[in-house]
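Student: fold the following for me, if possible:
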Amino acid sequence: MQRHRMFIVTQVAPYPDGPAGVHGVLAQASTALAELAAMAGLEPRVVSEVTRLPSSDIERGGVLALFTIGETPWSQVQRAAISTTVSDGRLAVLGIHSATDACRGWDEYQALLGARFDGHPWTQDFLAEVVDPTHPSTQHLGEAWHCRDEVYLFRGLRDDAMVLLRVAPGQLDMDVPGARTPECGFPLAWCFNEGGGRSFYTALGHFPHAWESPDYLRHVEGGLSWVLG
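Tutor: Numbers count the residues shown, from 1 in each chain. Below you'll find the model as predicted:
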């Protein structure tokens with residue numbers, strides 16, 4: 001299958017009921033993702049406004065890297081192109097951090113990312129437990145990985161999602177406002193097949209230090225290598 005391009009989508013869009021938060025790390029993340037794309041033999045293309053991305057370009061395939069938030073204004077034609085091209089294996093998805101907090105009005109989007117963001121009561125240091133030490137995104141981390149990031153809650157995690165990384169037990173203060181344990185627990189990264197395509201998601205990457213960390217960059221690089229097959 002032909003995969004020659006990585007679309008790095010960083011658009012910040014408002015929610016239907018108000019503005020979305022802006023991640024100050026987006027420029028840094030775009031640079032790092034572009035470098036990872038080039039290392040993988042892909043042509044990086046940063047997309048800060050999806051209305052400028054022709055659906056015909058999407059249909060040619062590649063990797064759709066999403067560091068988005070809010071109601072990303074994909075057109076119906078673009079949505080259909082993404083869903084079809086992922087399903088037939090010509091487009092892979094690489095989701096970063098707030099990408100699960102986007103496109104609330106697009107029902108199929110949850111299937112492409114694997115779950116939906118449902119709050120983040122914690123921003124703290126914690127140990128991440130490596131669930132699958134053989135996956136290319138985690139095989140360099142050992143049994144546990146010390147992180148400082150936002151810890152997301154998720155809803156609707158796909159039954160077929162293979163959790164790769166999760167918050168280790170006992171790391172979170174369950175007395176903070178909004179704290180609860182979702183049905184899926186506290187996953188931090190997962191992957192799955194969607195039709196003939198592949199999708200990888202990591203909830204980490206909120207702070208600049210992540211994009212300066214060799215461990216984090218190898219984590220994302222491993223996710224990219226997995227979606228490329």
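Student: and the closest residue to Arg198 other than its chain neighbours, its phi and psi?
Tutor: Take Arg198 and drop its neighbours on the chain: the residue closest to it by Cβ to Cβ, 6 or more residues apart in numbering is Val227, 4.3 Å away. To be clear about C-beta, it is placed using only N, CA and C from the backbone, and glycine gets the same treatment. Dihedral pair for Val227: phi -70, psi -30, per degrees, to the nearest 10.
Student: quick one: low-confidence ranges for the chain?
Tutor: Within the chain, the segments meeting pLDDT under 70 span 1-3.
Student: same thing but at 50, please
Tutor: For the chain, residues meeting the criterion pLDDT under 50 lie at 1-2.
Student: would you map the strands across it?
Tutor: 5-9, 43-47, 62-66, 91-96, 116-117, 122-130, 144-151, 154-155, 162-167, 187-194, 197-202 (DSSP state E).
Student: returning to what we had before: so the residue nearest to Arg198 touches Ser199, yeah?
Tutor: Yes. In this structure Val227 lies within contact range of Ser199 using Cβ atoms under 8 Å: 6.7 Å.
Student: which neighbours do those two have in common?
Tutor: Common contacts of Val227 and Ser199 (Cβ atoms under 8 Å, 6 or more residues apart in numbering): 92-94, 191.
Student: so which of those residues wins on neighbours?
Tutor: Leu94 (28 neighbours; other Cβ atoms under 10 Å).
Student: give the bridge partners for the most centrally placed residue in the chain, please.
Tutor: What sits nearest the mean C-alpha location of the chain, by Cα atoms, centre = their mean, is Gly95, with 1.9 Å. Applying DSSP bridges to Gly95 gives these bridge partners: Leu66, Tyr201.
Student: about what we covered before: closest one of the shared contacts of Val227 and Ser199 to Val86?
Tutor: Distance to Val86 across the shared contacts of Val227 and Ser199 (Cβ to Cβ) is lowest for Val93, with 6.3 Å.
Student: count of residues packed around the nearest residue to that closest one once chain neighbours are set aside?
Tutor: Sequence neighbours aside, Ser199 is the residue nearest to Val93 in space, at 4.0 Å (criterion: Cβ to Cβ, 6+ apart). Number of residues near Ser199 (other Cβ under 10 Å) recorded here: 26.
Student: what's near enough to touch the residue lying farthest from the centre of the chain?
Tutor: Of all residues in the chain, Asp175 has its C-alpha farthest from the mean position, at 27.9 Å, by Cα atoms, centre = their mean. Asp175 is in contact with no residue at all, counting by Cβ under 8 Å, 6+ apart.
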